[in-house]
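Trainee: Fold the following, please.
(chains A and B)
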Amino acid sequence: MSQLFTKTLREAPKDEVSVNAQLLIRGGFIKKLSAGVYSFLPLGLIVLRKIENIVREEMNNLGGQEILMPVLHPREIWEEAGRWETADYLYKLKDRQGSEFALGATHEEVITDIARKYINSYRDLPLLVYQIQTKFRDELRAKSGLLRGREFSMKDLYSFHEDEEDRKKYYNTVENSYLKILKKCGFKDIIVAEASGGSFSKEYSHEFQIPTIAGEDLIIFCKSCGFAQNKEICDLRQEGVCPNCEKELKEFKTIEVGNIFALGANYSKPMSLSFLDRSGMTKPVIMGCYGMGPSRLMGAAIEVHHDHRGIIWPEEITPFGVVVIQIESKNEAINEKIKKTAEKVYKKLQEKGVAVLYDERENKGAGEKFMEADLIGIPWRVVVSERTVAENKIEIKNRNEKEGALISESKLLKKIL
RNA sequence: CGGAGUGUGGCCUAGUGGCUUAGGGCGCCUGUUUUGGGAACAGGAGAUCGAGAGUUCAAAUCUCUCCACUCCGACCA
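Mentor: Residues are numbered from 1 along each chain as shown, chains lettered A, B, ... in the order given. Predicted coordinates:
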């Protein structure tokens, strides 16, 4: 545990109601600075980075090229696309000279500005560019821990195409990678719902929705054909009947963890992003944008995976795969053996590349160590104590199991890998 | 911004005008004892009771203003 400077809390701060906020704060993953603004502490940052890396890997598989755009945006770029006045979620500020800026809430303007420098020809298309970065939004109301912050981690991918047909093709491949990402992050139920195309498109956008009572979105979903729509846009005359197959529609509360969106020429036209096609004609570049929020994903994972004891991290995003707990014995000789065994197991797991947390604290009781291990949600727990040493074994227990099992040290790796 | 609620050591909380030098639990420090589901005992450090103004002989407690946080709504990944 000397790997962590944080401590767990027996009780959650009384104001926090949402499960993800309570457990993340109690476990020492995050610390709230102000509403919707959090620090990520060692445990929390490991999880966030793991999620980001899962996302990054898929984006790279898609052929996306990673970049990093600025947070500070000059007013002019937002005016070019006509959003300076209308985007009321922008944090706006002035520098000492009186120049105006916005904190990046989204990056269509900035990416379009980059693209117009490098895209000249149909030969430069298609192009997929993404970043993972902190976004700032002046939310009217931050809420639910990591689910709606004013400052949050976001992966935004932008695609550039010759025409709508090509854009649609990519749209579907991105949809597939999004599903892959979410599965990897441990989500089993994922609903892709049609949603509003926004102010400039009649076409639907698509939202990736995780059903949970903690969700703030409401969607209608048909179990038999998979039709799903955000309640915001659904046709009330449908009266609970699927427009595709006429079966019953169910309503779910969900968390929107990602969305994909056709931008058409809405940015390329006002910002003069065009290319020469094969026949030498100048045409506006057709764009798509695709968002996914790693920090929200982290919150959503907890809403879906927890019990009365704490978090139950999915294997892929857990901060540590294993916690090794040594329990002191008053007998000096036995204690030595316990320590040696625990240390050996710890090192062996590390050598095998397993992320392992070592609870070597000598002033803490067994019960407390177990409670903490459960709270922070480590999938595997290995215990070395007087009991286990007496039988020349170690104890292994999964976070989902009630009772642990004694196994020999040599079988440990097989069990958890 | 509208509605509801809450602000007391790091966290949970008692106290609703004077018996408060603000009490307890957790956590923290010292020591002793414990050791398989958030241990026990003893001692100790830590609080301008969210901030400011007011009422009063007297304010954590009453009044006003402001601030912060949570929840519902409007805005949104």
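Trainee: A:A193 pairs with what?
Mentor: A:E207 (DSSP bridges).
Trainee: so how many other residues sit close to it?
Mentor: 26 (other C-beta atoms under 10 Å). For every residue, glycine as well, the C-beta is placed using N, CA and C.
Trainee: Tell me who's in contact with it.
Mentor: A:H206, A:E207, A:Q209, A:I219, A:F221, A:A228, A:Q229, A:N230, A:T254 (C-beta atoms under 8 Å, 6 or more residues apart in numbering).
Trainee: Next, find the distance separating it from A:V129.
Mentor: Distance check for A:A193 against A:V129: by C-beta to C-beta, to the nearest Å, it reads 26 Å.
Trainee: is the helix or strand containing A:V55 anywhere near RNA strand B?
Mentor: Per DSSP states H and E, A:V55 falls inside helix A:42-61. No: among the residues of helix A:42-61, none lie within reach of RNA strand B under C-beta under 7 Å from any atom of the strand; the closest is 11.9 Å away.
Trainee: And the next helix or strand past that helix?
Mentor: Per DSSP H and E, the first helix or strand lying C-terminal to helix A:42-61 is strand A:65-66.
Trainee: could you give the mean pLDDT of that next one?
Mentor: In this model, strand A:65-66 carries a mean pLDDT of 98.
Trainee: What residues of the helix or strand just after that strand count as buried?
Mentor: The helix or strand immediately downstream of strand A:65-66 is strand A:72-74, counting by DSSP H and E. Neighbour counts over strand A:72-74 (16 or more other C-beta atoms under 10 Å) mark A:H73 as buried.
Trainee: Give the buried residues for the next helix or strand after strand A:72-74.
Mentor: Using DSSP H and E, the helix or strand that follows strand A:72-74 in sequence is helix A:75-80. Using 16+ other C-beta under 10 Å as the test for burial, helix A:75-80 gives A:I77, A:W78, A:E80.
Trainee: Closest one of those residues to A:L90?
Mentor: Using C-beta to C-beta, A:W78 comes nearest to A:L90 of those, at 7.4 Å.
Trainee: For the closest one, list the residues it contacts.
Mentor: With C-beta under 8 Å, 6+ apart, A:W78 has these contacts: A:W84, A:A87, A:L90, A:A102, A:E109.
Trainee: Let me have the contacts of A:A193 in TSV, extended by neighbour count and distance to RNA strand B.
Mentor: What follows is the contacts of A:A193, written out as TSV (neighbours: other C-beta atoms under 10 Å; distance: C-beta to the nearest atom of the strand, whole Å):
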residue	neighbour count	distance to RNA strand B
A:H206	23	10
A:E207	25	7
A:Q209	28	10
A:I219	26	13
A:F221	20	18
A:A228	24	15
A:Q229	22	15
A:N230	21	10
A:T254	28	11
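Trainee: coming back round to it: need the contacts of A:W78 in JSON lines with distance to RNA strand B and neighbour count, can you?
Mentor: As requested, the contacts of A:W78 are exported to JSON lines (distance: C-beta to the nearest atom of the strand, whole Å; neighbours: other C-beta atoms under 10 Å):
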{"residue": "A:W84", "distance to RNA strand B": "15", "neighbour count": "18"}
{"residue": "A:A87", "distance to RNA strand B": "9", "neighbour count": "17"}
{"residue": "A:L90", "distance to RNA strand B": "11", "neighbour count": "22"}
{"residue": "A:A102", "distance to RNA strand B": "15", "neighbour count": "23"}
{"residue": "A:E109", "distance to RNA strand B": "15", "neighbour count": "26"}
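Trainee: Columns pLDDT on top of these, output as JSON lines?
Mentor: Conversion of these to JSON lines gives the following (pLDDT from 0 to 100):
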{"residue": "A:W84", "pLDDT": "94"}
{"residue": "A:A87", "pLDDT": "90"}
{"residue": "A:L90", "pLDDT": "94"}
{"residue": "A:A102", "pLDDT": "96"}
{"residue": "A:E109", "pLDDT": "97"}
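Trainee: Redo the residues you listed as TSV? Include distance to A:S2.
Mentor: As requested, those are exported to TSV (distance: C-beta to C-beta, whole Å):
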residue	distance to A:S2
A:W84	50
A:A87	46
A:L90	43
A:A102	43
A:E109	46
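Trainee: okay, those in TSV with secondary structure and distance to A:S177 next?
Mentor: TSV is the format used below for the contacts of A:W78 (DSSP: H, G, I helix; E, B strand; the rest coil; distance: C-beta to C-beta, whole Å):
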residue	secondary structure	distance to A:S177
A:W84	coil	33
A:A87	coil	28
A:L90	coil	29
A:A102	strand	30
A:E109	helix	25
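Trainee: got the angle between the host helix or strand of A:V129 and helix A:42-61?
Mentor: Assigned by DSSP H and E, A:V129 falls within strand A:127-136. Orientation check (axes from the mean of the first three to the mean of the last three C-alpha atoms, to 10 degrees): strand A:127-136 against helix A:42-61 gives 160 degrees.
Trainee: what's next to strand A:127-136, contact-wise?
Mentor: Counting by C-beta under 8 Å, 6+ apart, A:52, A:55-56, A:59, A:62-69, A:71, A:91, A:103-107, A:111, A:114-115, A:119, A:150-160, A:170, A:290, A:294 sit against strand A:127-136.
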